[in-house]
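S.K.: Only the shape, not the letters, is given here:
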């Protein structure tokens, strides 16, 4: 490695914008996919969706993986679900939902609870909200919406499994300028893969929850204010300067 580099705990296909932003600053981004998406057969969740279909007023996405995974998990239901207005936790998730044909009308900026608070005033008594989600997830969106009087219908459409260490690509010998931690699950997989190898390197978490997971795993990480490319790059510049 002949120039500074940053490690990020996601696959290259999810890091295009960050890689481009760092490239413009003479820094190479090295992806480390510590988890990978796998399909899930949530028969109970599908039954809940079918039973609530007539009452669904919104489809709420809190993960940018969820729109494509929803179409894959329930291809027969997806056309009907795409006629419902959609809400997304942030711009990247909104873009992913629109690519899958969903009509995103609400875009949040501050996590699941903020999305629930933005969505709640749009609901009428008896309305239900479909929440396509991952198997391992924080339920701040569902809890916040139910506190506001909404009814959430969760549907698990994907899961993230750890990539076995023997399948992970080799990493450069010299330490990175920083490590970007992208989720609590990725933190655990990263620690299992790298241990304390780069304990002295700055670590940036994409949010407070990921930073807390890092702290619990013994990794000191600074949380980026927002889970956006701009915010992560800004935090990298501050931390590594």
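M.R.: Nice, thanks for sending it over. Small disclaimer: the values here were computed from a predicted structure and weren't measured.
S.K.: show me what contacts the residue most central in space within the chain?
M.R.: Among the residues of the chain, the one closest to the centroid is residue 63, at 4.6 Å (CA atoms, centre = their mean). Counting by CB atoms under 8 Å, 6 or more residues apart in numbering, residue 63 makes contact with 89, 93, 133-134, 137. For glycine as for every other residue, the C-beta is placed from the backbone atoms N, C-alpha and C.
S.K.: got a winner among the residues you listed for most neighbours?
M.R.: residue 133 (29 neighbours; other CB atoms under 10 Å).
S.K.: Is it in contact with residue 153, as I believe?
M.R.: No: if you go by CB atoms under 8 Å, residue 133 and residue 153 don't touch, sitting 10.5 Å apart.
S.K.: circling back: am I right that the residue nearest to the centre of the chain falls within a strand?
M.R.: No: assignment of residue 63 by DSSP: H, G, I helix; E, B strand; the rest coil gives coil, placing it outside any strand.
S.K.: All further residue positions should be reported with the first residue as 30.
M.R.: Let's use 30 as the start, then, which means that last one is residue 92.
S.K.: Which of the three states applies to residue 67?
M.R.: strand.
S.K.: distance of it from residue 187?
M.R.: Using CB to CB, to the nearest Å, residue 67 is found at 7 Å from residue 187.
S.K.: Show me which of these two is the more surrounded one.
M.R.: With neighbours defined as other CB under 10 Å, residue 67 and residue 187 compare such that residue 187 has more, 21 against 11.
S.K.: For that one, give me its contacts.
M.R.: 66-69, 94-95, 98, 102, 163-164.
S.K.: repeat for residue 101
M.R.: 68, 186.
S.K.: Report pLDDT for it.
M.R.: Confidence at residue 101, expressed as pLDDT, is 95.
S.K.: Residue 189 - that's part of a strand, no?
M.R.: Yes: under three-state DSSP, residue 189 sits within a strand.
S.K.: Let's see the pLDDT reported for the nearest residue to it once chain neighbours are set aside.
M.R.: Nearest residue to residue 189, sequence neighbours excluded (CB to CB, 6 or more residues apart in numbering): residue 64, at 4.3 Å. Residue 64 carries a pLDDT value of 86.
S.K.: How much space separates residue 64 from residue 103?
M.R.: For residue 64, the distance to residue 103 (CB to CB) stands at 23 Å.
S.K.: Tell me how this protein divides into domains.
M.R.: The chain breaks down by automatic domain parsing into domains covering 34-63+192-269, 67-189.
S.K.: And these, which one averages the lowest pLDDT?
M.R.: Mean pLDDT per stretch puts domain 34-63+192-269 lowest among these, at a mean of 89.
S.K.: Now do that domain: distance from first to last residue.
M.R.: Distance across domain 34-63+192-269, first residue to last, is 11 Å (CA to CA, to the nearest Å).
S.K.: can you check stretch 63-73 too?
M.R.: 29 Å.
S.K.: Run the chain-centre distance for that stretch.
M.R.: The chain centroid and the centroid of stretch 63-73 are separated by 14 Å under CA atoms, centre = their mean, to the nearest Å.
S.K.: Residues touching that stretch, excluding its own?
M.R.: Residues outside stretch 63-73 that contact it (CB under 8 Å, 6+ apart) are 38, 40, 94, 98, 101-102, 164, 184-192, 197, 212, 214-215, 218-219, 222.
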